[in-house]
Each structure stands twice: as C-alpha cells, then as structure tokens.
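Student: here are the coordinates; sequence isn't available:
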C-alpha cells in the first residue's frame, strides 16, 4: 500500500516538474555513513527506481561546526554543483535562512505528521525551510539496578537527584568502588554545555536565555540558582573531569558502570544496552528532572533537518528525494539501521518499531516537550550567544564566579552582542 | 688502563642505549597505544591497558574497505609526491639564487616569502576557495597540489637557502671557470651535495601535505577525492556523537605506516654526511 | 662585451671587470631562478592575503562576501556609547594573545631543548640507528586531528593512560582533570604539541649537525675540550643558522596554533589562541570583517616576532664575523 502511495505521489510531483529530464542530485547521506551504508543504498535504490533521476552521495564531516564552515564556503560562492540536499543542524536554520530553498509549497501538508516542536524550529517568518530528519533531545539515564538496591525512585526533581546521587555514591564507594560517581554530563566548554545549561535554567522556570521575541531574560534568580546547583555537583557527585567531557566521555563513565546518572542524547541508549556493555539491562531513561517542585521538565531539542540549497540546479529532483527520505518507510529503515529516533509521531505507535524497541514510547514524551535553543530569536548571532552562554556556565562550574554574578555578566555581554536588535 | 677504557666504553654505550630506549618509548608509546586501541572493540576501548587483550581485525577491514581509506591512501600518495617534487624543483632554483648570488632586494625577497606563512590558515581559506573555483580545480586533487606546493615553499626555500649558504665558495668557482651554466651548477653540483638536506626537507614537506586537513576538507567534497586525514575525520559511528574509536585508530595506524617505510628507505640519505661529500668530492 | 674593453693594464684590470659583468649576469639570472617560486606565491597566496586585508576594512559576512560597506578601522577598534568595540577592544582578544604567547614560548623552548637532545642522539653511530630515526618520526606522521583526539582520550580523568601511569608511578595520588581545569589544560596542550613536533625540530637539527666536519671534533678532543665545551664552542655556532630557521618556522607555527587547542579544549576562553579567535569570528560568527581584522593582527604579531628573531640572528652573524 505504502509503496503505491509514494509511487502515486511521485507521479503527481513528477507531473508538476519536468519528468523528461533525468537529473543527478548530490546529497549527503550523513549520520548514516561509515558502518551503515545499507541505509544509503536503500534510499538510492528507492530514488532511482521511483524517479527518473540519479543520486550521488557526498561526504561531509561529522562535527557540526566543521560542516557549517563548508556550507558557508559553498553558499558564499553560490555553488549549485556542490550539494543539493543536505542535513542542517537544528540551530542553523536561522543562520542559513537565506541560502535555503523555501519548501512551504511542497511540504506544508506534512506538518501534522511531525512533532510540532521540531517542525516549528524550521519555520522562519512563516516559511518552511527544512523538514526534521530525526529527533534528538536531552534525557536522563539512570541505573535501574542501583536505584532498586538502595530503595529509591527515579528522581522527579534535581534536588531528588542530588540527594540520591550523594547517598548512593557514598554507599557504593564504601563497597570498594572507589571511582564511582553520582552524575555525569557534558561540561566541556562547547555547544553541548549550552544545551545542558538551557535544560537546568529552563527546568527552574528561569526562561530560555533569550526569549522567542528577542528579549534577554537570563539575569534572574532562578537561572542563577540553576547554575549554582550544577556548580555544586562538580567535585561532589560529578568528577572534576566532567568539565572536559563531551558526549562520548560521559558515556564511557556511565557505560563502565561508574556513574549512577547521566545526561545524554538518545544515541547512548542502544550502546549502553548493547551486547558487550557492562550495564546491559540495567539502564533506564526518563525526562530531565524538574527544578524544584514548581519547576518543569525541560529537554533541549537537537537533531538534524533535511534542507535544500537555494542555489541547487536540480531543485525538483531534490524535492522528490526529500519526500522519500522523510516518509514513514525511510524513517523506519533509519531507525532499524541507525537507531535514529523518527520525527514522525505515528511511528512511535508503530507495531514493528515497538516490538524491537519497547523503550521508544518513553522518548516520545521527552521529544514532545523539547525546547529549542534560542537560535531563531538570535538569528545570525546565535553562535556568538551560545559561546557567551557556555563560557559563563563554564566559569560557574569551575568556581571562578557565582551563578548570580555570571548571569548579570552574561546579560551585559548578550546586550553587547545584540546591539539595537538581533540581526 | 685498557680495562678502564673498556669500562668507560661500556658505560657510555649503555647510557646511549638507555637514552635511545627512553626516546623511542616517548615517541612511540602513544602510537603503540593507538595500535592497542585499534585491536579492541566496544567496551574495551574505554579502559587503559598496556598489553593487547583482544585482536579484533574487523576495525582494519572496516577502515580499509568500508571507510575507503585505501582510496584515500592513493590520493594522499599522489598529492604528497607531486607536491614534494614540484616544491623541491621550484625551491632549489630559488634558493640557489637567494643563497649564492648577490643581488638587490635579496633580503626583502626572503622576508616576503616568509610572510606567506604568517597569516593564520583561516584567513586565506575563503580567498583560496574562490581561486580554486576560478581555476576550475574544485573537488580535484589539483587544488590540493597547488595549495600545498605554494604553502610549503617558504619553508623549503628558507631551509635550502640556509644550507646552500653554508657550502664553500670554491665549490662553484671551479665550475664557473670550466664555463658551466647555472642550471648545470645547480643540478650537477649542488643537488647531489644537498641530498641530505633535500631529503630532510622533502620528507618534512611530504609529511606536511600528508597531514594537512583544512584545505583538504574545504577543496574536495566527494568521497573519491578525499585525502587521508579527512577520510579519518569522516569516519562516523552510528550517530552524530559516537566516535568509532577502533576504526579511527586502525585508520591512523594504516596511514602512518607509509611514512615509517619512507623514513626507513631514506634514512641513510638523511645523514649521508654532506660535508664529507663536499670535501672529498 | 669583455673583448671591447680597451685596457693598457690588462693583466690587472680584466679579472675585476670580468667578475663584475659576471655578477651582473648572475643577478639577472637570479630573478629568473626565483621567478617560478615568486609566481606561485604571488598567484596562489598573494591574492587571498590581499583579499583578507581588504575585507578587514569592511562589514562583509562570510556567506555573502559580495555585500559590504567600508567601515574604516571599526573592525580593529571603535568606540560607541563609552564602550570599546572591534578586535582590539575585545578583552577576549587580549586573553587569546596572552594564551598564545604563553603556549608558544613554553612549547617552542621545550621542543628546542628536547629536539636538540634527540638530534644529538640520532647523530651518534650505533646499531638500530635507522629504527630510532623511524621511531622519532612517528609522532609527526600521525595527522594532527588524530593526535589531538588521541591525546584527548589519553588525558581522560577516569580512564586515561596519563593519569593511570602517573598514579602507578606514584607521582599523583588522585586522578587529575587534565582537560577540565583551565591551568592544566594549557599544559596538556603544550605536552601534546611538544610530542607532536619534536620530530620536526630533531630532523632539522640533525640535518644541520651533519654539516659539522668530524675532524673539528677530533681536533678539539686532542686539545682536551670537554663534551660541553665541544658542544658550545663548535657544534652550536656551526648549526646556529639552521637552528634559527627551525626556530622561526616552529615559532610561527606555534603562534598560529589552532587545531590542537580546538579539539582538546574546544576553544574555551581559558585556552583559545589568536588563530582560534580569528576562526571563531570568521566561521562561527560569520563576521568576515572582524575575522579578517583579527587575521591581519595575527599576521602583524607573527611578523613582528619573526623579524626580531631574524634581527637577533643577523646580530649573531655580525658578531661572529668580527
């Protein structure tokens, strides 16, 4: 059934564009290369059998900022040959806006099928500039076995988490596990720290640093409190080295069984539950805790978006491919082959997926409430804002300054960056 | 007397070998660590170990075949070899002029050449990108050869100039008396004597272009034109965050081997004693 | 030409005349010989460099370089509402200058000393010489990005080899957070850089050591000079020119350090270098204007330091000639 409907769709679309011409599009098969070439082969096969066009894959670096550097060069040159269809980071949409093709006409009827938070992130001034490829958001990992052993429940608030972590860390160390820690997260001075900080601040109702209307809201006691809380972890329930950790460093500690809690992205789940993992079968996931009883669960939105270069010479063919890679079949394949969480809501109730991944419904609640970083509001200045935020947070973590002083300084710095208005 | 001399000899020999062992360990240990890592998988990757525990060759097969390191090795070979060849040719003539001929503006010229390597790489990147596209070299090995040759020039010119200056004047005077042209003097007299310096600078330039990352990343975009460092950087796990550490290390070990072989081949040349040659020859 | 010269005192004047015209011919040939190198440098490097200088006076964005206004020296320094703007008005720029100078002076001087020791060692004759040379070159052969990531893991506070070794030897009694703490992370960067570039220093110095004639040593030994005297009186003066060149290039590289810091500590403000600052302005913030201005300032800084090295070197040469 599904095959037919896509075929039909393709035929309709092909009618609107010019079918006679067979184009070769260049696209990135990012996030899935390396070990998972199967997925690329799958979409290539589908594209070339369902449309008259051909596809060539290009490879781009994995690190987000290096990739951005390349795109900026290509777009500066208005190069129509380098790339047609590619994946953009969640925070790039505002930044690359003028180089992205307006997809509104082609995809507007798909909106209801996707998670609203993710879809809205890609809308600039009412125009849809990208379609969510897969979802990512922060979540809390915990050791089920240890919580049971010490008769504790998964923490509802950060205060709970701190208390439980202190207690279990002490008890575990007394059993001879010298290197056991309560909590690990991403504390290195890089984009990941902005994500973590946003979660802390937002969970205490401290706002989202820069509000959607462009107001700078960081200078408030709740935000300061959130940062102070995290600073108190360092050296008590978190190792000092956490300030040098990115995702993989924290996963190493957690997966070796040396940490009770971990803040990370969904990718860590399959790995931590993997065949050789020492904590296999002992891992639970839950939403990021609330900041106090009045707080809220706040998870930073991540993930990648399919977008088309506005300089592309093969826009029609690229749109066809975009439809293929974002349809339910492709997303299912992507989940099975690469473990990436689908951006289509319906797939979270799909029997095939549930059968192989019973943990996925737990993710659904997290994704639905995920909050975007202030990328749309700060437009082209986002990287500068993020850099100021992460350095301020890092300074609080390292004890150079206090939460209260840091948020005041940060407000001043953000105002300097903003000038009269965000542009 | 004889005994003490022998004792002294033994003592200095054992000091020498101790120093050799310490130096070699210091230089090779991280590489050894990389080899160990490349033979592990999954959880074992995270734990410190000093002896091989497992032998997972899968990482090597992955790196060579799936990630296309084999192809990148060939690309890097071509780029680095052509770069070194072109660079040495251009710079030996230039440095002969700069070292052996007195002419107006020589000092200024030397400093201007040096200036090229004073800009941070990021500053020339976007201009280079335009140039490469203008010349139609985008996404080809030619773009890399051109940029590496240019940016290795200051170094090779300076080093060769310094070495040429240190050679005795009598060397070419005889040739001038014989009526030899400049080209003959350069290729027949200087090049052979300079062999160790040429090999050393050539080797350093080779490794320089072998390792260069930023230009390679920016000027090529399709998989078949990747050079080695970019290919390694492109290795991906199943997600954005995961680092396929075993594969990366296997790749690094593979790409380091050609350099080691190169050194072993050329090492006699590096130190064939150029002054000895100059005096005797 | 020479045949036309009318001279009474041929035997005396002629060689001189000959020499001068030969000099002239050679000077002309010199330009011809230098031409290919100059052509490449001017064509390939010159244009991007001039372009950078040009853009440092505009407000262009990286992704739309064709849209710009001239802003004079605003990218360098300007005042607005009593606050200083521009690169020179940015406290972070000055922080990055301090970081860079600190990093360069430590890593280059450690490299020079260790590199010299390694070069002297490689210059000895012994069995397994070739293997040592290959071993020494290994660090140089591993791509920098891989080196950086590799050291990143070796410095991991819980599972890193560095802490593990130090703990085993007993130098430290608890794991150090190498990458995390601002002071230690700078040392971590220096350490990784020293490891990576010792081969360069050692090879350059070895090539220079090869030019020292063995009979000089013999003569000194007969005169009863100690090893240290032989080193300072014979070796050092003779290898000085090559050493200065190696030092200049290493210093220029160190002053422009970027990828090592970028991967190890992700350009945190505690460790960011001037190149990292310029890259952030240019690529991350897309501000071609201030990025170019920062690049020009980096250039001026590097040029100044290189020139003073050269000046010191020429002073040394003069002293030697006197």
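Tutor: Perfect, I can see it now. Treat the numbers as computed from the prediction; the structure is a model and nothing was measured. Numbers count the residues shown, from 1 in each chain, chains lettered A, B, ... in the order given.

Student: what residues sit buried inside the helix or strand harbouring residue C:298?
Tutor: In the assignment (DSSP states H and E), residue C:298 maps to helix C:288-321. By neighbour count on 16 or more other CB atoms under 10 Å in any protein chain shown, the buried set for helix C:288-321 is C:288-299, C:301-303, C:305-306, C:309-310, C:313. C-beta coordinates here come from the backbone N, C-alpha and C atoms, glycine included.

Student: spatially nearest residue to residue A:213, not counting backbone neighbours?
Tutor: residue A:377 (7.1 Å; CB to CB, 6 or more residues apart in numbering or on different chains).

Student: wait, that neighbour touches residue A:217, no?
Tutor: No - Residue A:377 lies out of contact with residue A:217 (CB atoms under 8 Å); the separation is 10.4 Å.

Student: and the stretch 201-322 of chain C, which of its residues are near chain B?
Tutor: When proximity is defined as CB under 8 Å from any CB of the partner chain, the stretch 201-322 of chain C approaches chain B at C:203-204, C:206-207, C:210-214, C:241-242, C:245, C:248-249, C:252, C:256, C:258-259, C:274-275, C:278-279, C:282-283, C:288, C:291-292, C:295-296, C:298-299, C:302-303, C:306-307, C:310.

Student: what is the burial count for residue C:63?
Tutor: 22 (other CB atoms under 10 Å in any protein chain shown).

Student: if we can go back for a sec, which neighbours do residue A:377 and residue A:217 share?
Tutor: A:210-211 (CB atoms under 8 Å, 6 or more residues apart in numbering or on different chains).

Student: assumed residue A:207 was part of a strand.
Tutor: No - Residue A:207 is assigned coil when assessed by DSSP: H, G, I helix; E, B strand; the rest coil, not a strand.

Student: mind checking pLDDT for it?
Tutor: On pLDDT, residue A:207 comes in at 93.

Student: what do you get for residue A:182?
Tutor: For residue A:182, pLDDT reads 95.

Student: that one belongs to a strand, doesn't it?
Tutor: Yes - judged by three-state DSSP, residue A:182 forms part of a strand.

Student: which residue packs closest to it, ignoring adjacent ones?
Tutor: residue A:165 (2.7 Å).

Student: what mean pLDDT does the helix holding residue C:298 get?
Tutor: 85.

Student: off-centre distance for stretch C:269-283?
Tutor: Centroid separation between stretch C:269-283 and its chain, computed with CA atoms, centre = their mean, to the nearest Å, is 18 Å.

Student: among the residues of the stretch 201-322 of chain C next to chain B, which are in reach of chain A?
Tutor: Within these, those near chain A by CB under 8 Å from any CB are residue C:283.

Student: what residues does the stretch 101-250 of chain B have near chain A?
Tutor: B:125-126, B:129-130, B:133, B:138-139, B:217-218, B:221-223, B:226, B:230, B:233-244, B:247.

Student: of these, which belong to helices?
Tutor: Cross-referencing those against helices under DSSP state H gives B:125-126, B:129-130, B:133, B:217-218, B:230, B:233-234, B:247.

Student: residue C:76: which of the residues you listed is nearest?
Tutor: residue B:126 (19.4 Å; CB to CB).

Student: isn't residue A:95 right up against residue A:382?
Tutor: Yes - if you go by CB under 8 Å, residue A:95 and residue A:382 touch, sitting 6.1 Å apart.

Student: what sits in contact with each of those two?
Tutor: Joint contacts of residue A:95 and residue A:382 (CB under 8 Å, 6+ apart) are residue A:375.

Student: would you mind listing what in the stretch 101-250 of chain A touches chain B?
Tutor: Counting by CB under 8 Å from any CB, the stretch 101-250 of chain A sits next to chain B at A:136, A:246-248.

Student: let me see the domain layout of the chain.
Tutor: In the absence of a named chain, chain A is used. Chain A breaks down by automatic domain parsing into domains covering A:2-129+A:301-368, A:139-298+A:377-418.

Student: wrong chain, I was asking about chain B
Tutor: Taken from automatic domain parsing, chain B resolves into B:2-46, B:67-280.

Student: I'd like the ones you listed as CSV, with mean neighbour count appended.
Tutor: Listed next are the domains of chain B as CSV, based on neighbours: other CB atoms under 10 Å in any protein chain shown:
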stretch, mean neighbour count
domain B:2-46, 15
domain B:67-280, 20
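
Student: out of these, which comes closest to chain C?
Tutor: For the domains of chain B, the distance to chain C is smallest for domain B:67-280, at 2.7 Å, taking CB to the nearest CB.

Student: just the strands in the chain please.
Tutor: Reading this off chain A. A:24-28, A:54-58, A:85-89, A:123-124, A:127-128, A:131-137, A:139-143, A:181-184, A:259-264, A:283-286, A:299-308, A:370-371 (DSSP state E).

Student: think we crossed wires, I meant chain C
Tutor: C:78-80, C:83-85.

Student: give me the number of residues near residue A:369?
Tutor: Counted with other CB under 10 Å, residue A:369 comes out at 16.

Student: that one against residue A:300, yeah?
Tutor: No - with contact defined as CB under 8 Å, residue A:369 does not reach residue A:300; the gap is 10.9 Å.

Student: all good on my end, thank you.
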